[in-house]
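Student: next one to model:
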Amino acid sequence: MKPDRNPQLHMIWPIGKPLASEELEAPVGYSIRTYLPGDEGNFLRLTIEGEFDRFDWGKLQFNVAKVIPDGWFFATRADTHAVCGTAMCLHNYAGDTPFTGDVSWVVCSRTDRGHGLGACLTARVTRRFMDAGYSRIQLHTEYYRLAAIKTYLKIGYIPVIGSSALRSLWQETCERLDWPFTQDLWQEAIQDQQAHAGTTWKSAASADSQASDP
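Tutor: Residues are numbered from 1 along each chain as shown. Modelled structure (predicted):
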């Protein structure tokens, strides 16, 4: 059973931060492609493996309607071409800027985890948003998905901490991951983002957010 005592964690990509080219390369034995007709079934299967909240066709269509062009990625095994991972670029007009993109529904098959596929898919989504000119690239994830959180931190995403409760939660999470808790540096990067976009950041994850990850 999933714990539910804490809110989702909110992370952003620092404005102007370059994306390491090696993160975009598919791990040995895998390939990355964009959506092909019929991938809906593959996506639904993967969301079950990722233990996300139940998906149905209505929820799928709600998300697909927000995918930007060439923004739905799938990982496949090089030998069989079987689909084993996915991630979406979702346009999210949050009300304060029309150029917000959500890294969403990043998930890999259980048997294909631990090879860097999640990092590659996240990097591909991030790059697609960059290429499309998005000024805010963000994601939301549950606090207990530690492997995913560490992947996001390693790639370069930083936490948005909007309350004392979230500060404590991030401190605990960083301790469990053996990751430095550098709130001052993260806040400085967020302030730079605010100045660039001319907008005010919303703290934490919005209750109606549809974004998630492995």
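Student: now the residue nearest the centre of the chain, which residues is it bridged with?
Tutor: By C-alpha atoms, centre = their mean, the mean C-alpha position of the chain lies nearest to Val103, the distance being 3.7 Å. Beta-bridge partners for Val103, by DSSP bridges, are Cys89.
Student: distance of it relative to Ala165?
Tutor: 23 Å (C-beta to C-beta, to the nearest Å). C-betas here are computed from N, CA, C, even on glycine.
Student: ok, now Pro27?
Tutor: Taken as C-beta to C-beta, the span from Pro27 to Ala165 is 36 Å.
Student: also Pro69?
Tutor: Going from Pro69 to Ala165 by C-beta to C-beta gives 38 Å.
Student: so for the two, which residue has more residues nearby?
Tutor: Ala165 (12 against 9; other C-beta atoms under 10 Å).
Student: now the helix or strand containing that one: buried residues?
Tutor: Ala165 is located in helix 164-177, with elements delineated by DSSP states H and E. Along helix 164-177, the positions that meet the burial threshold by neighbour count (16 or more other C-beta atoms under 10 Å) are Leu166, Leu169, Trp170, Thr173, Cys174.
Student: tell me if I'm right that the first one and Gln8 touch.
Tutor: This points to Leu166. No: counting by C-beta atoms under 8 Å, Leu166 sits too far from Gln8 to count as a contact (10.0 Å).
Student: pairing partners for Ile12 in the sheet, please.
Tutor: Beta-bridge pairing of Ile12 under DSSP bridges involves Gln138, Ile158.
Student: for it, give me its contacts.
Tutor: Ile12 sits next to Arg136, Ile137, Gln138, Leu139, Tyr157, Ile158, Val160, Ile190, Gln193 when contact means C-beta atoms under 8 Å, 6 or more residues apart in numbering.
Student: let me know the secondary structure of the last one.
Tutor: Each residue gets one of three states, and Gln193 gets helix by DSSP: H, G, I helix; E, B strand; the rest coil.
Student: please shift the residue numbers so they start at 50 in all later answers.
Tutor: Fine by me, first position is 50 from now on; the one you just mentioned is Gln242.
Student: where does this protein have low pLDDT?
Tutor: 50-54, 143-146, 245-263 (pLDDT under 70).
Student: 80 instead, please
Tutor: Across the chain, the stretches falling below the confidence threshold (pLDDT under 80) are 50-55, 142-147, 242-263.
Student: show me where it has its helices.
Tutor: Under the criterion DSSP state H, the chain carries helices at the ranges 88-98, 106-113, 166-180, 195-204, 213-226, 232-246.
Student: could you give the angle of the helix holding Ala214 to helix 232-246?
Tutor: For helix 213-226 against helix 232-246, the angle by axes from the mean of the first three to the mean of the last three C-alpha atoms, to 10 degrees is 120 degrees.
Student: export helix 213-226 to PDB, keeping only CA atoms.
Tutor: Below are the C-alpha coordinates for helix 213-226, written out as PDB (Å, rounded to 0.1, in the frame of the first residue of the first chain):
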ATOM      1  CA  SER A 213       8.700  24.200   6.800                       C
ATOM      2  CA  ALA A 214       7.000  20.800   6.400                       C
ATOM      3  CA  LEU A 215       8.500  20.400   3.000                       C
ATOM      4  CA  ARG A 216      11.900  21.500   4.300                       C
ATOM      5  CA  SER A 217      11.800  18.700   6.900                       C
ATOM      6  CA  LEU A 218      10.700  16.200   4.200                       C
ATOM      7  CA  TRP A 219      13.500  17.200   1.900                       C
ATOM      8  CA  GLN A 220      16.000  17.000   4.700                       C
ATOM      9  CA  GLU A 221      14.800  13.500   5.500                       C
ATOM     10  CA  THR A 222      14.900  12.500   1.800                       C
ATOM     11  CA  CYS A 223      18.400  13.800   1.300                       C
ATOM     12  CA  GLU A 224      19.600  12.000   4.300                       C
ATOM     13  CA  ARG A 225      18.100   8.700   3.100                       C
ATOM     14  CA  LEU A 226      19.800   9.300  -0.300                       C
END
